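Asks: no sequence on this one, just coordinates:
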Ligand SMILES: CCCCCCC[C@@H](O)CC(=O)SCCNC(=O)CCNC(=O)[C@H](O)C(C)(C)COP(=O)(O)OP(=O)(O)OC[C@H]1O[C@@H](n2cnc3c(N)ncnc32)[C@H](O)[C@@H]1OP(=O)(O)O
């Protein structure tokens with residue numbers, strides 16, 4: 001299913017999304033932590049227990065930086081009704097995620113989210129749609145974080161009216177471009193098994209896309225069984241960085257970039273390899289059973305701790 005013949009990309013880019021409020025509590029933060037594997041290997045791990053439990057009370061629970069990606073959850077249904085762009089939502093894949101954190105995430109809050117379209121590309125066999133979401137804490141009005149996400153809409157390309165494929169980027173650069181992986185040995189490696197039920201647990205954080213739970217939908221989408229949410233894999237990777245590079249201090253994370261290269265099946269083993277380059281951690285995630293790279297990107301830190309040197 002491609003864009004309708006009268007599809008006007010300019011109209012789509014100018015589309016105004018309604019503001020969305022995302023409210024969460026410590027319980028949501030803890031369910032998210034479990035969804036991205038916190039404490040799955042060791043329920044006593046003091047670098048991770050704080051994401052799901054705190055001896056001084058719920059309000060001291062710490063929030064993983066990738067939790068910020070959930071603030072855009074409510075826009076998933078919005079992108080099914082964009083002017084003129086017709087696509088089969090079952091064929092949508094998450095292509096890329098970029099997150100900037102301006103303030104550590106509170107253990108509970110209401111966020112006011114403002115979204116805009118920040119990119120649209122015609123790749124022939126697919127369209128790539130990029131949405132940018134700015135999240136403000138409702139109470140203080142402070143800007144807390146920014147998400148930029150690219151979705152890969154299989155079958156929705158071919159809408160360009162000139163011989164030059166249509167390409168628009170608000171920022172003039174392709175933030176989703178592939179990151180170069182250093183040649184040398186990784187500085188750190190973190191290996192973890194996902195659970196066969198990982199996607200069923202992760203979806204409770206608000207992404208109910210049936211691609212991750214319904215075998216029939218997964219088959220229509222071209223997979224032998226439901227696949228893991230891209231943001232779940234990203235959560236595993238960034239938690240690995242927090243654990244191995246940041247000495248467990250998740251507030252060191254300033255920004256996160258991840259490009260989803262291949263699907264992951266729940267139950268597979270993820271190996272996150274990390275290279276340190278100044279304040280940048282370049283990483284890639286491989287699925288051990290298939291020896292394939294499924295995610296690559298970087299995490300920029302705001303400082304280093306002595307244990308990371
Ligand atoms: C608002 C809220 C919305 C929330 C939506 C999120 C909902 C979630 O529930 C959905 C998910 O989590 S899906 C699971 C996670 N994602 C995946 O598993 C996808 C993994 N990646 C792939 O399969 C392929 O890379 C694939 C299929 C993506 C691309 O592979 P190919 O078709 O082989 O593409 P290729 O020929 O290599 O490239 C074509 C052009 O597209 C660009 N591109 C490719 N992969 C990209 C990616 N991952 N991100 C961004 N751009 C990408 C290429 O650069 C290429 O462009 P060009 O020709 O100009 O170089």
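Replies: Nice, thanks for sending it over. Just so we're clear, the structure is a prediction, and the values are computed from it rather than from any experiment.
Asks: I'd like to know how many residues surround residue 89.
Replies: 16 (other C-beta atoms under 10 Å). The way it works is simple: take the backbone N, C-alpha and C, and place the C-beta from them, glycine included.
Asks: from memory it sits against residue 80, does it?
Replies: Yes: Residue 89 sits in contact with residue 80 when judged by C-beta atoms under 8 Å, with a separation of 5.5 Å.
Asks: With adjacent residues omitted, what lies nearest to whichever residue of the stretch 151-300 of the chain sits closest to the ligand?
Replies: Across the stretch 151-300 of the chain, no residue is closer to the ligand than residue 230, which sits at 2.9 Å (C-beta to the nearest ligand atom). Excluding its sequence neighbours, the residue lying closest to residue 230 (C-beta to C-beta, 6 or more residues apart in numbering) is residue 94, at 3.7 Å.
Asks: can you pull the contacts of that neighbour?
Replies: 149, 150, 151, 152, 229, 230, 231, 260 (C-beta atoms under 8 Å, 6 or more residues apart in numbering).
Asks: from these, which ones fall inside helices?
Replies: 230, 231 (DSSP state H).
Asks: Just list what the strand ranked longest in the chain packs against, helices and strands only.
Replies: Scanning the chain for the strand with the most residues, using DSSP state E, yields strand 109-122. If you count contacts as 3 or more C-beta pairs under 8 Å, 6 or more residues apart in numbering; DSSP states H and E, strand 109-122 packs onto helix 9-13, strand 20-24, strand 126-137, strand 143-154, strand 167-169.
Asks: That one vs strand 126-137, what angle?
Replies: Angle of strand 109-122 versus strand 126-137, following axes from the mean of the first three to the mean of the last three C-alpha atoms, to 10 degrees, is 160 degrees.
Asks: roughly how far is strand 109-122 from the heart of the chain?
Replies: Centre-to-centre, strand 109-122 and its host chain are 13 Å apart (C-alpha atoms, centre = their mean, to the nearest Å).
Asks: picking that back up, common neighbours of residue 89 and residue 80, please.
Replies: By C-beta under 8 Å, 6+ apart, no residue touches both residue 89 and residue 80.
Asks: May I have the predicted confidence score for the closest residue to the ligand within the stretch 1-150 of the chain?
Replies: Among the residues of the stretch 1-150 of the chain, residue 95 lies closest to the ligand, at 2.9 Å counting by C-beta to the nearest ligand atom. For residue 95, the pLDDT comes out at 98.
Asks: Equivalent analysis for residue 309, please.
Replies: 53.
Asks: Over to residue 1?
Replies: Residue 1 is given a pLDDT of 55.
Asks: The residue of the stretch 1-150 of the chain closest to the ligand - how many residues pack around it?
Replies: Neighbours of residue 95 using other C-beta under 10 Å come to 20.
Asks: Residue 43 now?
Replies: Neighbour count of residue 43, defined by other C-beta under 10 Å: 11.
Asks: go on, residue 215?
Replies: 11.
Asks: Model confidence for it, exactly?
Replies: pLDDT, residue 215: 98.
Asks: coming back round to it: check which helix or strand the residue nearest to residue 230 maps to.
Replies: Using DSSP states H and E, residue 94 falls within strand 92-101.
Asks: Check which strands are paired with that strand and give the direction for each one.
Replies: In the sheet containing strand 92-101, the strands it pairs with under DSSP bridges are strand 143-154 (antiparallel), strand 253-260 (antiparallel).
Asks: Show me which residues of the stretch 51-200 of the chain sit near the ligand.
Replies: Counting by C-beta under 6 Å from any ligand atom, the stretch 51-200 of the chain comes close to the ligand at 72, 75-76, 79, 93-96, 123, 128, 131, 149-152, 176.
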